[in-house]
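1. Need coordinates for the following:
(one chain, ligands or ions: 1)
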Amino acid sequence: MVSTNNNNSTTTNNNHHNGSGINEAGGEPVPACLAGGMTREELFKKILEGLPEDASISGQRFEGASIILFTKNRSFLTVSSEFVKAIAKTVKKRIEVRADSSILDELEDAVKKIKAIVPAEAEINSIDFDPYASRVRIEAGKPGLVIGKEGQTLFQIKRDTCWTPLVFRTPPLKSDIINTIRHTIISKSKARSEFLNKAGERVYNGIKPPKWVRVSALGGFREVGRSCILLQTPESRILLDCGVNVASEENAYPYLDAGEFDVTKLDAVIITHAHLDHAGLVPILFKYGYQGPIYCTAPTQALMALLQLDFIDVMQGNGKTCPYTAADIKEEILHTITLDYGEVTDITPDVRITLYNAGHILGSATVHLHIGDGVHNIVYTGDLKFVKTRLLEPATNRFPRCETLIIESTYGNPNDIQQDRDEAESQVCRIITETIARGGKVLIPVLGVGRSQELMLILDELVKTKAMPEVPVYLDGMMWDATAVYTTYPEFLSNRIRNAIFGSEGNPFLSPIFKRVGSRAERELVISGGPCVIMATSGMLVGGPSVEYLKHLCDSPLNSLVFINYQGEGSLGNKIQNGWKHLPISAGGGKHELVEIKMSIHTVEGFSAHADRNELVNYVGKMQGLPKLVIVGHGEASKCINLAGQIRKQFRIESVAPLDLETVRLK
Ligand code: ZN
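-> So this is what the prediction gives:
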C-alpha cells in the first residue's frame, strides 16, 4: 500500500511506486493503516462493492502493495479515480483502475494522440507501451509539461487513449545505466508484471500480530564495510543492506552463511544507498536464488548498478573474479521496487516501510519500519549527514514513532569533529588558484559517487564568482556516469540546487567548464595540455585513471595533488600522505623505476558525507521522541562503543554496540 505520511518529508515528489517514473496517475494516497485483518478475498469483495454496476471489472492484479483493477468500460475509466478515492479511505490500500486490453488504443493511434496532447516544448524522447500493465511510459526532457497543471495532461492522455501514462525525465547528460534500467524494465515487462503481482500476494498473505521482533548483525558492526542486518518476526524475514568490504580480502562479505539466514526464505531486501559497503553484494542474492523485491529509491537503483558493474571491472583488473555477473545485476534491476522519500509501503503482512532523506549521497535513505500495526518501530539510519551540504538537505530525524534506532558511527569518537566547510572550500580554491598561476595542473583523486559531485558544485561556483580562474575541469572515470544519474533526479537534490536547475541559474552539472575524458588518447591530451583541474577515480590512488595522471604529473613542482577524502591504510594515497617521496613506475619486464614526487601535496578535510561526532549526538538528541534502545554500528570498534556510551550517559537510553553475528531481541 502507498499512502501519504503525516510526517516531515523532505521532498515534494509524487508517488511513483512501481515504475521509477515521476508521476503515478490515479491511485489516491490514503492514511497509513492495515486493513483490519481482512483476507485478500474479503478485501477484493469490499473494493468491488464500492464500484458502480457498470464498472465492468475484467481482472485484478497487484503491483507490489498496490491493487490494480482493469475495466472494459471506457467512460468508467475516466471517472474511476473518484470511486477509488472513496474505497481507498475504507480499505486503506492504494487502488488504481486501468484499461482492459480490449479498450486500449492501437499503439500508432495512441502515439499520435499523445503527441497532439503534449506540447512540443516537453521534448518527448520516447514513448513505450507496457501492454501487461496497460501503461505507456513517456520519457521527456521536461516531464512537468507531460504531467500538466495538477496532472491535467496525464488525465487527458488516459482519457483519450486508455493507456495509463508514467513519465520519466530524459537524462540531461547521456546515461548508459539509466537507459539500461529503463530498457530492461520495458523489454521484460511480462516478467516484471508477474514479479510485481507475486510481491503483492506476499504482502496480502494474512496478518498475525508479531509476538517477537529481533535483528541479527550479519556485517558492518564494530567495523566499516559489508553492512548487513537481518530483521525477523514470526511472519517476516527482511534484509537491510547487503554490502561488501572492498578493503578486506578476509572479511569482505557479510555472514550469509549464518544459520538463521536462508536466502530462499527471504521476503524483502531494503537498500539504504548505493555505496558498495551497503549494496555491493546484492546481485549475489539473485545468483543464490532470491526472487523477491529490492526496495530503494530510484537514484539508488541506478547508482548501485553502476557501482556494482564498476566493481566487476575493478575485480577483473586486479586479476580476481567477482562473485556475481552483469546478468545478476540485471535480475536485481528487474526485481527492484523504487520508493520516494515519505512514501509508505507494506512489504510483508506485518512490516510497512517509509524511506527518508539521509543527506549522505543522492537517493540515500534512512528506513523507518513499522511492525505489526505499531507493535514496534525501528529506524535504521544507513549512512547519514546531519548538516546541509551543497548537494543535499540534512538527514531527517523526525519519525512518527521509533522504539529502536540503529545508527552509524563512522565518526563516532569524541575527537571526530570535522573542519568547517567554508574553510575547506577556500583552501581548495587557494591551492587551485596558486597552481594555475604558476602554470601547473591540479590532480584531485575522487570517489565516483558523492564527493565528486559536491566538488563539481564548489568549482562551478568558484568559477562563476571569479574566485578562481576559468580553466577546464576534466572528469575521468565513472564519476561522469554518476553525475548523469544526479542530473536525472533533481527531485532528490537540495532545494538550492533544484531551484538553480529549474530556474534561470541553470544546471551547474552542465557547466561548460566540465569536460569528460573518455579515452586514453583524450587523457594524453590533458596531460600534455595547459593548466587545468583533473578529477579522477580511484579516490585512494589504488588503480584507475588517477594513478595514470599521477605517474605523468608527479615529477613537476608546478603541479599539485589534493586529497579530499579518507585514504585507507595501505593505499598509495595513504603512503604519499605519510611522506613517500618516490613513485614506483613499471618499466616493463616486471621491473620498476622510481620517479621522484616533486608536485606539492595537500590534504583538505571537511568534505565528508558522514555526520561527525557532534552531528551523530545531535541527531539522537533532537529526535521527536527519544528511542528506547539505540544499536550502534558502522564504525571501528572503539567508535561504536564510545558513541553507544555517550548516548547512554547523555540521554539515559539503553545503547549497545553488538558484534557481527549477535542478535538483539527488540520485543
Ligand atoms: Zn555510504
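2. Phi and psi next, for the closest residue to the ion within the stretch 551-667 of the chain.
-> Nearest residue of the stretch 551-667 of the chain to the ion, counting by Cβ to the ion: Ala609, 6.8 Å away. Where you see a C-beta, it was placed from the backbone N, CA and C, and this is true even at glycine. Dihedral pair for Ala609: phi -90, psi 10, per degrees, to the nearest 10.
3. is it true that it touches Gly382?
-> No: counting by Cβ atoms under 8 Å, Ala609 sits too far from Gly382 to count as a contact (11.5 Å).
4. which residues do the two both contact?
-> His360 (Cβ atoms under 8 Å, 6 or more residues apart in numbering).
5. Looking at those two, which is more packed in?
-> Legend: neighbour count by other Cβ atoms under 10 Å for Ala609 and Gly382, higher for Gly382 (28 against 24).
6. which ones are touching the spatially closest residue to the more buried one that is not a sequence neighbour?
-> Once flanking residues are discounted, Gly382 sits nearest to Thr272: 2.8 Å by Cβ to Cβ, 6 or more residues apart in numbering. Residues counted as contacts of Thr272 (Cβ under 8 Å, 6+ apart) are 240-241, 278, 296, 300, 358, 364-367, 380-383.
7. Same check on Ser638?
-> Applying Cβ under 8 Å, 6+ apart, the residues near Ser638 are Asn413.
8. what about 10 Å?
-> Listed by Cβ atoms under 10 Å, 6 or more residues apart in numbering, the contact set of Ser638 reads 222, 409, 412-413, 657.
9. and what of Gly544?
-> Gly544 neighbours (Cβ under 10 Å, 6+ apart): 310, 313-314, 317, 445, 448, 476-478, 536-538.
10. Buried among those residues? Need that as a selection in ChimeraX.
-> ChimeraX command restricting the contacts of Gly544 to the buried ones, with burial defined by 16 or more other Cβ atoms under 10 Å:
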select :310,314,445,448,476,477,478,536,537,538
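11. Where strands are concerned, which of the contacts of Gly544 count?
-> Under the assignment DSSP state E, the contacts of Gly544 contribute 445, 476, 536 to strands.
12. so how far is the ion from Thr396?
-> According to Cβ to the ion, to the nearest Å, Thr396 stands 17 Å off from the ion.
13. what about that residue, neighbour count?
-> Neighbours around Thr396, by other Cβ under 10 Å: 25.
14. Can you tell me the SS state at it?
-> coil (DSSP: H, G, I helix; E, B strand; the rest coil).
15. what's the spacing between it and Gly342?
-> To Gly342, Thr396 is 9 Å away according to Cβ to Cβ, to the nearest Å.
16. One more: Gly219?
-> Distance of Gly219 to Gly342, computed by Cβ to Cβ: 28 Å.
17. Over to Gly225?
-> From Gly225 to Gly342 the distance is 30 Å (Cβ to Cβ).
18. interface residues of the stretch 301-450 of the chain facing the ion?
-> Proximity of the stretch 301-450 of the chain to the ion (Cβ under 5 Å from the ion) is limited to residues Asp383.
19. Please enumerate the helices of the stretch 301-450 of the chain.
-> Remark: helices assigned in the stretch 301-450 of the chain by DSSP state H, counting those that start in this stretch are 326-334, 421-437.
20. Redo these as JSON lines? Include mean neighbour count.
-> Output for the helices of the stretch 301-450 of the chain, formatted as JSON lines (neighbours: other Cβ atoms under 10 Å):
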{"stretch": "helix 326-334", "mean neighbour count": "19"}
{"stretch": "helix 421-437", "mean neighbour count": "17"}
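21. So which of the ones you listed is nearest Ser134?
-> Checking the helices of the stretch 301-450 of the chain against Ser134 by Cβ to Cβ gives helix 326-334 as the closest, at 19.5 Å.
22. Export that closest one to PDB, keeping only CA atoms.
-> The C-alpha atoms that make up helix 326-334 are tabulated as PDB, following Å, rounded to 0.1, in the frame of the first residue of the first chain:
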ATOM      1  CA  ALA A 326      26.300  -8.500 -15.000                       C
ATOM      2  CA  ALA A 327      23.400 -10.900 -15.600                       C
ATOM      3  CA  ASP A 328      22.800 -11.000 -11.800                       C
ATOM      4  CA  ILE A 329      22.700  -7.200 -11.800                       C
ATOM      5  CA  LYS A 330      20.000  -7.300 -14.500                       C
ATOM      6  CA  GLU A 331      17.900  -9.600 -12.200                       C
ATOM      7  CA  GLU A 332      18.400  -7.000  -9.400                       C
ATOM      8  CA  ILE A 333      17.100  -4.300 -11.700                       C
ATOM      9  CA  LEU A 334      14.100  -6.300 -12.700                       C
END
